[in-house]
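> Need coordinates for the below:
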Amino acid sequence: MLQSTDELICDTAAFYPVAPKDFDDANINEVLIEDLMYKALLMHGVLSGREIAELICFPYQLINPLLMDLKSRQFVAHRTTATMGDFFYSLTDAGKQNAKDAKENSNYCGPAPVNFDDYVKSVALQSIRNESPTPDDVKAAFNDLVVEDEVLETVGPAIISGRGLFLFGEPGNGKTSIAERICRTFGDEIYIPKAIWAEGDIIQLYDPQTHEAVPMDHDNHFDERWVKIKRPTVMVGGELTMDALEIKYNETTKVSEAPLQMKANGGIFLIDDFGRQRVATDELLNRWIVPLEKQYDFLVLANGKKIQTPFDQLIIFSTNLNPADLVDDAFLRRIPYKIHVHNPDEPQFHNLFRFQADRMNMPYDQAMVQYLIDTYYTGQRDFRCCHPRDLLSQIINTAKYKGYAPTMTKEGFDKACHIYFSAMGI
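Alright, predicted model coming up:
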């Protein structure tokens, strides 16, 4: 059950999934819940009513009348008495047949799904476009990264726009690190359904590999079909294919999984190394034109029905290539914010070394960094933001291996550069 849109539209932080009082509140079919109960009993053999309720994340007070009804129809049987008026149940032969029939339709046996319409409302109430980070919020999110003021000044308005962002520039200058920290500026959590019921199909949305659950003290008022997570950051690289942007249906389990952009709703979708995907750039970009313009997407279910889903995320394209060489003007207009992440200059390079040395508990030696610059950079290669971290890590690893305290020395930089630059051509 959702609190009303009127109550929450001005206070997204107040969004809270309330446990349903009845099936109208739950906005879900009783037959679907019965099928989940059948499959839970078939899998575990004997369960109490409260154990079934816990397994399918549905209130016991709604489960109990269904179990009584199934017992009266001789689909389940009492085994023993449980605590507080509850019973342990098992399936009768007729109940086992019902469970097998339910598994024929879908092997899904998990949390009861949330109605798709309720999911759509929840996305709107927790929309990333309702977030308005301040300059202080942005600085706090980037406090462990050295970036130009120009970048910080652009990031804030880009986030508020919610319309997308291009990060481009030479490799090793922190584009991915910038993208990862953008999500920190939002600074709050959201609730998402563990699974969704859409036009007769169950779609698994919550993905522990993608979503970071936030511990919380659940009470009797909380709808356990939902999970509280940090605003998601979904990152893909050269492995991205068009299939990953569509609902995945497993023919064996007969269960659907949400696509990447749906898992990213309420957060950030980062396409790293843009232009190097196995799918053609034009094909990938055409896939985003409607979602970027309209803030919704169209997906096809396993049963062939099409649904309109929210597209509520900041999409970030990170590339080493020039955006003008990848996309046409029409698409670039849909991504109004472009940030060129430049190579650092010499003073910035010194600052990066000072910053990394402090993080690594290593004394900073300006003279030794100048030796490094004069010997290995001037007239030979460009500075990169990642070099201070990588070179100091080599010095620290060598010192640890040989059992002495790491310091910046000519010998240490010579060895680190010989190893680091020898096969890189930079």
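
> Please, where are all the strands along the stretch 51-200 of the chain?
Per DSSP state E, counting those that start in this stretch, the stretch 51-200 of the chain carries strands over the ranges 76-81, 87-91, 114-115, 165-168, 189-193, 195-198.

> so which of these comes closest to residue 332?
Distance to residue 332, taken as Cβ to Cβ, is lowest for strand 165-168 among these, at 7.8 Å. C-beta coordinates here come from the backbone N, C-alpha and C atoms, glycine included.

> and the closest one, which strands flank it?
Applying DSSP bridges, strand 165-168 is found paired with strand 314-319 (parallel), strand 337-340 (parallel).

> that older thread, and residue 407, which of the strands of the stretch 51-200 of the chain is closest to it?
Closest among those, using Cβ to Cβ: strand 165-168, at 35.0 Å.

> where does that closest one sit relative to the chain's centre, distance-wise?
Computed by Cα atoms, centre = their mean, to the nearest Å, the chain-centroid distance of strand 165-168 equals 19 Å.

> same question, stretch 76-86
On the basis of Cα atoms, centre = their mean, stretch 76-86 sits 41 Å off its chain's mean C-alpha point.

> Can you give me the buried ones in it?
76, 82, 86 (16 or more other Cβ atoms under 10 Å).

> which of the strands paired with strand 165-168 is buried the deepest?
Most buried of these by mean neighbour count (mean count of other Cβ atoms under 10 Å) is strand 314-319; its value is a mean of 25.

> For that one, C-alpha coordinates in CSV please.
Provided in CSV are the C-alpha atoms of strand 314-319 (Å, rounded to 0.1, in the frame of the first residue of the first chain):
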residue,chain,number,x,y,z
LEU,A,314,20.7,10.6,-14.7
ILE,A,315,22.3,8.9,-17.7
ILE,A,316,26.1,9.5,-18.0
PHE,A,317,28.1,8.7,-21.1
SER,A,318,31.8,8.5,-20.3
THR,A,319,34.2,8.3,-23.3
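
> which residues sit against the helix or strand that that strand is followed by?
Once strand 314-319 ends, the next helix or strand along the chain (criterion: DSSP states H and E) is helix 323-326. Helix 323-326 is contacted from outside by 166, 168, 274, 275, 281, 317, 319, 332, 335, 338, using Cβ atoms under 8 Å, 6 or more residues apart in numbering.

> Identify the bridge partners of the first one.
Pointing back at residue 166 there. residue 317, residue 338.

> wait, it sits on residue 336?
No. The pair residue 166 / residue 336 is not scored as a contact, 9.4 Å apart, by Cβ atoms under 8 Å.

> Who has more neighbours out of these two?
Per other Cβ atoms under 10 Å, whichever of residue 166 and residue 336 has more neighbours is residue 166, with 22 against 13.

> And that one, how far from residue 318?
Between residue 166 and residue 318 the distance, using Cβ to Cβ, to the nearest Å, works out to 8 Å.

> Mind pulling the model confidence for residue 209?
Model confidence at residue 209, given as pLDDT, is 93.

> swap that for residue 1, sorry
Residue 1 is assigned 52 on the pLDDT scale.

> Excluding covalently adjacent residues, which one is nearest to residue 180?
Distances taken as Cβ to Cβ, 6 or more residues apart in numbering put residue 233 closest to residue 180, at 6.2 Å, once the chain neighbours are dropped.

> Measure how buried that neighbour is and give me the count.
Residue 233 is flanked by 22 other residues according to other Cβ under 10 Å.

> so who does it touch?
Counting by Cβ under 8 Å, 6+ apart, residue 233 touches 179, 180, 183, 264, 267, 268, 270.

> now, the most widely separated pair of the contacts of helix 323-326?
Greatest spatial distance in the contacts of helix 323-326: 281 and 338, 16.4 Å, computed using Cβ to Cβ.

> contact partners of stretch 89-97?
Under Cβ under 8 Å, 6+ apart, the answer for stretch 89-97 is 38, 41-42, 45-49, 52, 67, 70-71, 74-79, 98-99.

> which parts of it are buried?
Across stretch 89-97, burial judged by 16+ other Cβ under 10 Å covers 89, 90, 91, 92, 95.

> what does stretch 139-157 give?
Across stretch 139-157, burial judged by 16+ other Cβ under 10 Å covers 141, 142, 147, 151, 152, 154, 155, 156.
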